[in-house]
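*Asks:* Next input, structure requested:
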Amino acid sequence: MVDNIRPHNSEKQRALKSYTNYAAVCVGGGDEDYDGGVLKEQERLLPIANVGRIMKQILPPNAKISKEGKETMQECVSEFISFVTGEASDKCHKEKRKTVNGDDICWALGSLGFDDYSDSLKRYLIRYREAEGERAANQNKAAAAAHDADNGGGDQRVSPAPFSFNLMEKRRIV
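*Replies:* Sure, this is the predicted structure:
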């Protein structure tokens, strides 16, 4: 059943080639980030400490992860992100847009055959945007309350609610 989520080789090769070209153009600036058309290893990969921290979240507290395991996951997730971002970037380029947004990433995941991830990410994006809207509204209320306080009114401070979303809880979210 895993074969259902794997993109065809031609799609993957096209997306990886596109990403490589896109990355070479984008990095272009200083010599410290760019080495003759090839990104340096540390510029291409996610920080290993972050990868290890994410891996530990799903494991029992006493579990250990080898350095090799973290490095393997680091390579995989970095490649996956590059693959999906390259596809989204191609879409933006065709539409003559310069900014890749969350909807583009969702579209890229779906077009590459990662429909389960795309659906989860769409739900996340909706909830994130709702939370951002609430946060902005709370900030406006707090600013208005502060303005009232300066003018002799009551002092009501509203702190934004924390936002969290767990993609692993896909089945429970409706």
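
*Asks:* mind listing the helices for this structure?
*Replies:* In the chain, the helices defined using DSSP state H lie at 9-27, 41-44, 48-58, 67-94, 102-111, 115-150.

*Asks:* any residues touching the fifth one, and which ones?
*Replies:* Where contact means CB atoms under 8 Å, 6 or more residues apart in numbering, the residues beyond helix 102-111 that reach it are 84-85, 87-88, 91-92, 115, 117-118, 121-122, 125, 128. For every residue, glycine as well, the C-beta is placed using N, CA and C.

*Asks:* Buried by neighbour count: which residues of stretch 127-136 qualify?
*Replies:* The neighbour-count check on stretch 127-136 (16 or more other CB atoms under 10 Å) flags 131, 135 as buried.

*Asks:* Also stretch 45-65?
*Replies:* 45, 51, 52, 55.

*Asks:* Stretch 109-119 now?
*Replies:* Under 16+ other CB under 10 Å, the buried positions of stretch 109-119 are 109, 110, 111, 112, 113, 114, 117, 118.

*Asks:* winner for burial among the helices of the chain?
*Replies:* Counting by mean count of other CB atoms under 10 Å, helix 102-111 has the highest mean neighbour count of those, with a mean of 19.

*Asks:* could you give me the average pLDDT of that one?
*Replies:* What helix 102-111 shows for mean pLDDT is 95.

*Asks:* Check stretch 148-161 too.
*Replies:* The pLDDT scores in stretch 148-161 average 60.
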